[in-house]
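Asker: The amino acid sequence is not available; the structure is as follows:
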């Protein structure tokens, strides 16, 4: 989901937010209102589940465009497995991003394990 999603990425209910709705979302809670959906979207776009790697030319060509065009461009021009997984989705929204975030986090935890915790007797010092 691009940083500037408003034009091509309507909210789940189909709403394309206007500038006033976007401005009001800065200090609003995440809830079931249009403003709340904007707050959720703004938070999701910078999460681990929404990130991927693209070459600069590919990123520039798809930029803030609609997901169907991005999907085709990724299928045609990206060899990364990370991007192939994205193209298997018919849509790219908050639910898909949240699921991908959890899946990527689980993979990362499997590769980069935390060190064993020290015994409490060593912490008392």
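Answerer: Good, I have the coordinates. A quick note: this is a predicted structure, and the numbers were derived from the prediction, not measured.
Asker: mind listing the helices in this structure by residue range?
Answerer: Listed in chain order, the helices of the chain (DSSP state H) span 19-24, 34-44, 56-62, 67-77, 81-87, 94-111, 120-123.
Asker: Over the last one, what's the mean pLDDT, rounded is fine.
Answerer: Helix 120-123 shows a mean pLDDT of 53.
Asker: which outside residues touch stretch 38-46?
Answerer: 1-3, 5, 9, 11, 17, 21-22, 25, 28-31, 50, 94, 97-98 (Cβ atoms under 8 Å, 6 or more residues apart in numbering). No exception for glycine: its C-beta is placed from N, CA and C like everyone else's.
Asker: Give me the below-cutoff pLDDT ranges for the protein.
Answerer: 117-125 (pLDDT under 70).
Asker: one more time with 50, if that's ok
Answerer: Scanning the chain for pLDDT under 50 picks out the ranges 125.
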